[in-house]
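Peer 1: sequence plus predicted model, see below.
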Amino acid sequence: MYRNRILIGLVLAVLVGLVASIFVYRQMQQAAIPKQFATTKLVVAATGLPLGTRLEPQFLREVPWSGGDPLPGMFTSVADVAERALLTSVVENEPILESKLAPQGAGAGLAAVIPEGKRAMSVKVDEVVGVAGFVLPSTMVDVLVTGSVAGRGGGGDSITRVILENIRVLTAGQQVEEDKDGKPKKVSVVTLLVTPDEAAKLAMASTEGRIQLALRNTIDSKLVQPAAIYRASIFGGAPAAPRRAGPKAEAPPPTYVVEIIRGDKRESKTFVQ
């Protein structure tokens, strides 16, 4: 009888332990399942799109996304971003975020990506001036101009000066123009994001001189303000001919004055020594 009680107690202990283990396991499993399998939707680009594009539904799609790892500014429905314009170019499957979109009602095209107080200005460059094709949208450049300055040493001298620093490139492309013989030729056109004052400088530089672009690292925003460079400081030049002195004028010989008194008359005479 005593042994039966002990056996029954052991069986009950085993059953209680098994039930407790099953309970703990199920609780842990239920806690892990929502985080692992709960998903939401993420709006991404269905194809590569340039900046200024008005987002139409056919340009977008929704993909599954983990609900436990939301992206700041993400959208979960195509309807939430339709008709908004892109502030930057995107590639296929890139998430569409609020920071990449122009404000509601800003329209589309290049005008939609210009912030308040800024202007978009285009300049013509050749392949070398455009850093051999590496000047692309969203890159940063410095603008240099080379021209001539009058009145330096009695004549003109070429000068190169950095007039704008850390300027964002909005667009870079080509257009067809006629050369002096009327034949079509391709020229590169770069559109820069500038302030009104910078736009005036850029207009003067493109009219009166030759523009050069210097590509810079997008995270390097320090303004250097380098000094202007004159052509003579690089290539030198013949020194100015010494000025010939004219013949020295001979000093007049010294003289002296003698006063002669004759009665009531006085007379002065000058004699050369």
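Peer 2: Here it is on my side, so go on.
Peer 1: could you use CA atoms for every contact and neighbour count after this?
Peer 2: Fine.
Peer 1: which residue ranges of the chain form strands?
Peer 2: Under the criterion DSSP state E, the chain contains strands at 39-45, 60-66, 119-125, 140-152, 155-178, 184-194, 210-216, 229-230, 255-262, 265-272.
Peer 1: next, the buried residues of the longest one.
Peer 2: Along strand 155-178, these residues count as buried under the neighbour rule (16 or more other Cα atoms under 10 Å): 159-172.
Peer 1: one more: the second one?
Peer 2: Going by neighbour count (16+ other Cα under 10 Å), the buried part of strand 60-66 is L60, R61, E62, W65.
Peer 1: wait, doesn't the last one sit right on T39?
Peer 2: In other words, W65. Yes: under the contact definition of Cα atoms under 8 Å, W65 touches T39, with a separation of 5.4 Å.
Peer 1: find me the pLDDT at I8, would you?
Peer 2: Per-residue confidence for I8 comes out at a pLDDT of 71.
Peer 1: what's the burial count for it?
Peer 2: Other residues within reach of I8 by the criterion other Cα atoms under 10 Å amount to 11.
Peer 1: what sits against it?
Peer 2: If you count contacts by Cα atoms under 8 Å, 6 or more residues apart in numbering, I8 has none.
Peer 1: where's the closest residue to T191 other than its chain neighbours relative to L87, distance?
Peer 2: Among residues not flanking T191 along the chain, S122 sits closest, at 4.0 Å (Cα to Cα, 6 or more residues apart in numbering). Taken as Cα to Cα, to the nearest Å, the spacing of S122 relative to L87 amounts to 18 Å.
Peer 1: with G52 instead?
Peer 2: To L87, G52 is 6 Å away according to Cα to Cα.
Peer 1: which neighbours do these two share?
Peer 2: With contacts taken as Cα under 8 Å, 6+ apart, the residues that reach both G52 and L87 are A112, V113.
Peer 1: low-confidence regions, the stretch 51-200 of the chain specifically.
Peer 2: Counting by pLDDT under 70, the stretch 51-200 of the chain contains low-confidence ranges at 106-107, 126-133, 150-156, 174-187.
Peer 1: try it again at 80.
Peer 2: Within the stretch 51-200 of the chain, the set of residues satisfying pLDDT under 80 comprises 67-69, 103-113, 125-136, 149-157, 172-188.
Peer 1: what does the pLDDT read for P239?
Peer 2: Confidence at P239, expressed as pLDDT, is 46.
Peer 1: domain assignment for the protein?
Peer 2: 35-113, 114-235 (automatic domain parsing).
Peer 1: of those domains, which stretch is the most buried?
Peer 2: Mean neighbour counts were compared across the domains of the chain using mean count of other Cα atoms under 10 Å; the top stretch is domain 35-113, at a mean of 17.
Peer 1: quick revisit: farthest-separated two in the buried residues of strand 60-66?
Peer 2: Of all pairs drawn from the buried residues of strand 60-66, the widest gap by Cα to Cα lies between L60 and W65 and measures 15.2 Å.
Peer 1: and stretch 43-56, end to end?
Peer 2: Start-to-end span of stretch 43-56 (Cα to Cα) is 12 Å.
Peer 1: same check on stretch 221-233?
Peer 2: End-to-end distance of stretch 221-233: 28 Å, with Cα to Cα as the criterion.
Peer 1: repeat for stretch 41-61
Peer 2: Distance between the boundary residues of stretch 41-61 (Cα to Cα) amounts to 9 Å.
Peer 1: ok, now stretch 118-137?
Peer 2: The distance separating the two terminal residues of stretch 118-137, taken as Cα to Cα, comes to 16 Å.
Peer 1: again, but for stretch 52-61
Peer 2: Stretch 52-61 stretches 19 Å from its first residue to its last (Cα to Cα).
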